[in-house]
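Colleague: okay, here's the prediction I keep looking at, along with the sequence it came from:
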Amino acid sequence: MSRTYAGLPALPLFLVLVLAACSTPPAPASAPQAGDTEVALVLANATVVTMDGANRVISPGSVAIDKNQIVAVDTADAIAGKYRGRERIDLTGHIVLPGLINTHTHAAMVLYRGLADDLALMDWLQKYLFPAEAKTLSPEFVRVGTRLAALEMIRSGTTLFADMYYFEEEVAAVVKESGMRGVLGQTIIEFPVADAKTPADGLTRAEAFIRRFQDDELIVPSVAPHSMYTLDTATLLASRDLAIKYGVPLQIHLAETQDEVRISQERYKKRPAGFLDSIDFWAPITLGAHGVWISPEEVTMLTARGIGVAHNPESNMKLASGTAPVPGYLSAGTKLGLGTDGAASNNDLDMFESMRQAAFLHKLVSGDPRVVSAQQALSMATIGGARALGMQDRLGSLEVGKLADVIAIRTDQPRQVPMYDPLSHLVYTTRGDDVVLTMVNGKVLMRDGVVHTLNAAQIIKDARGAADLVRKAVQ
């Protein structure tokens with residue numbers, strides 16, 4: 001038997017069968033089917049603000065997370081085609097971004113919120129704050145205050161905070177309990193305080209704290225000499241040596257007020273930053289809080305030394321401490337983060353408010369509305385803060401391989417409609433209570449306004465009880 005094809009001679013049947021077999025397309029090689037890679041969680045269908053090197057904004061985008069790491073950031077379709085989450089949170093109509101990094105706090109001082117307002121820094125410290133601390137500070141007081149601060153920060157999207165205070169082991173315990181991250185520094189100061197009678201005692205406590213938490217997953221211990229005007233040179237250098245010995249960050253208040261500049265010039269004939277540089281104070285990771293009274297030459301010096309700066313616009317404005325040279329820092333490429341300072345001088349821990357005020361303050365002072373853009377303000381609160389703390393390799397942006405510290409913002413409130421630019425919305429419109437999801441290290445700490453790791457009702461009750469102690473102390 002033979003078959004005839006148009007334009008071809010008849011062929012034997014066996015040749016027809018051979019040719020037919022040869023013309024059949026080969027079966028496709030086995031390949032993963034859509035959604036075949038299982039991960040712990042997919043945050044799906046949001047506007048994803050990555051804060052990566054290209055400043056990508058993906059809409060609609062999704063983030064795939066497994067264990068404590070980000071495994072993919074891409075369009076929603078691309079993620080859905082490859083990843084299947086054991087849990088999937090649909091965030092249509094939301095903004096997803098890196099968790100906010102508060103580079104300067106005194107968390108437990110939230111219990112002094114509103115205690116004494118409308119005062120200059122030195123009057124506030126010496127006449128009200130220091131006396132109140134002397135009568136009220138205890139491990140329990142710090143624990144109660146830090147829990148209140150952690151509750152406020154989680155609800156407003158802060159996932160990492162840098163802290164300087166006393167009984168820092170209590171702060172660390174609350175960080176572990178809450179699931180947040182902390183760069184925590186045991187404060188060293190020249191006069192007797194609740195947990196150390198001398199600077200030497202403070203150094204001893206600081207070393208013990210570092211040894212206890214140096215390998216912790218959520219806590220980075222640090223050394224926190226209070227300032228150049230509350231410590232002598234020997235103690236400042238001993239603090240530096242301790243930070244270098246253990247490879248941990250060094251935190252210090254830096255050039256916050258004109259009074260500090262005056263004291264420094266009277267004692268050392270140098271400005272605060274210049275004095276610290278002259279004694280080779282800096283550790284490999286050093287964070288200077290405030291950095292207000294810094295000259296252009298000092299900006300250059302701090303940048304060259306790789307020093308991080310924590311800008312605290314609300315505290316600086318409220319205490320009339322001055323205006324930090326933020327445009328100069330940005331132009332020089334300084335490692336610049338953003339902070340709230342303690343809630344005793346702010347009076348909240350809302351990093352969205354800090355972003356907005358940072359942008360507004362420098363536009364006003366400079367007379368240039370282009371200064372400190374929304375992009376720059378948001379960078380200071382995310383990847384900039386990570387750089388200032390030496391943690392940019394693992395935090396501050398949504399990128400593959402980084403730790404899964406992520407937040408989500410709702411955008412359905414009347415003041416948020418319409419939305420043309422998500423970065424503008426985040427800085428100029430969003431408030432802390434717009435946060436609907438807070439995640440640290442791949443673990444959801446808060447969802448839909450409910451914090452899962454802390455007992456909010458008990459924390460509020462305990463904080464009110466602690467406030468009664470403060471009232472009695474200042475009567």
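Modeller: Here it is on my side, so go on. Being a predicted model, the structure only gives us computed values, none of them experimental. Numbers count the residues shown, from 1 in each chain.
Colleague: distance check, the residue nearest in space to the middle of the chain against D36.
Modeller: Nearest to the centroid of the C-alpha atoms of the chain, with distances taken as CA atoms, centre = their mean, sits I101, at 0.8 Å. Shown here: I101 relative to D36, a distance of 35 Å by CB to CB, to the nearest Å. No exception for glycine: its C-beta is placed from N, CA and C like everyone else's.
Colleague: re earlier: so who does the residue nearest to the centre of the chain touch?
Modeller: By CB atoms under 8 Å, 6 or more residues apart in numbering, I101 lies in contact with 158-161, 337-338, 381-382, 385-386, 389, 395-396.
Colleague: mind listing the strands for the stretch 351-475 of the chain?
Modeller: 406-410, 435-440, 443-447, 450-451 (DSSP state E, counting those that start in this stretch).
Colleague: which one of those strands lies nearest to Y128?
Modeller: strand 450-451 (30.9 Å; CB to CB).
Colleague: averaged pLDDT, that closest one. What do you get?
Modeller: Mean pLDDT, computed over strand 450-451, is 97.
Colleague: who's in contact with it?
Modeller: With contacts defined as CB under 8 Å, 6+ apart, strand 450-451 is touched by 151, 154-155, 445.
Colleague: adding distance to G367, write these out as JSON lines.
Modeller: Output for those, formatted as JSON lines (distance: CB to CB, whole Å):
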{"residue": "L151", "distance to G367": "40"}
{"residue": "I154", "distance to G367": "38"}
{"residue": "R155", "distance to G367": "36"}
{"residue": "L445", "distance to G367": "41"}
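Colleague: re the thing from before, who wins for neighbours among the contacts of I101?
Modeller: Tallying neighbours with other CB atoms under 10 Å puts G385 at the head of those, with 36 neighbours.
Colleague: how close does it get to L125?
Modeller: From G385 across to L125, the span is 25 Å (CB to CB).
Colleague: again with T233
Modeller: 22 Å.
Colleague: looking at these two now, which is surrounded by more residues?
Modeller: L125 (18 against 15).
Colleague: what distance do you get for the more buried one to L218?
Modeller: Taken as CB to CB, the span from L125 to L218 is 31 Å.
Colleague: same deal with G182?
Modeller: 7 Å.
Colleague: give me the more crowded residue out of these two.
Modeller: Shown here are G182 and L218; by other CB under 10 Å, G182 has more neighbours (28 against 16).
Colleague: ok, and the closest non-adjacent residue to L41?
Modeller: Excluding the flanking residues, the one nearest L41 by CB to CB, 6 or more residues apart in numbering is I65, at 4.5 Å.
Colleague: immediately after the helix or strand hosting the one you found, which helix or strand?
Modeller: Counting by DSSP states H and E, the element that carries I65 is strand 57-66. Counting by DSSP H and E, the next helix or strand C-terminal to strand 57-66 is strand 69-75.
Colleague: give me the angle between that following strand and strand 406-410.
Modeller: Relative orientation of strand 69-75 versus strand 406-410 (axes from the mean of the first three to the mean of the last three CA atoms, to 10 degrees): 40 degrees.
Colleague: what kind of secondary structure is G337 in?
Modeller: At G337 the chain is in strand, as set by DSSP: H, G, I helix; E, B strand; the rest coil.
Colleague: any idea how far L437 is from it?
Modeller: Counting by CB to CB, the gap from G337 to L437 is 23 Å.
Colleague: select, out of the strands of the stretch 351-475 of the chain, the one closest to H226.
Modeller: Each of these has some distance to H226 by CB to CB; the shortest is strand 435-440, at 28.3 Å.
Colleague: count the residues that sit near V39.
Modeller: Each residue near V39 was counted by other CB under 10 Å, and the total is 22.
Colleague: which elements pack onto the longest helix seen in the chain?
Modeller: Using DSSP state H to define each element, the chain has its longest helix at helix 456-474. In terms of contacts (3 or more CB pairs under 8 Å, 6 or more residues apart in numbering; DSSP states H and E), helix 456-474 is packed against helix 130-136, helix 139-155.
Colleague: specify the angle between it and helix 139-155 in degrees.
Modeller: 130 degrees.
Colleague: what about V174, helix or strand, and which?
Modeller: Per DSSP H and E: helix 168-178 holds V174.
Colleague: so in that sheet, which strands flank the helix or strand that that helix is followed by, and in what orientation?
Modeller: Later in the chain than helix 168-178, the nearest helix or strand by DSSP H and E is strand 181-188. Strand pairing for strand 181-188, using DSSP bridges, gives strand 158-165 (parallel), strand 219-225 (parallel).
Colleague: tell me which of those strands sits nearest to H362.
Modeller: Each of those was scored for nearness to H362 using CB to CB, and the closest is strand 158-165 (21.8 Å).
Colleague: much appreciated, bye for now.
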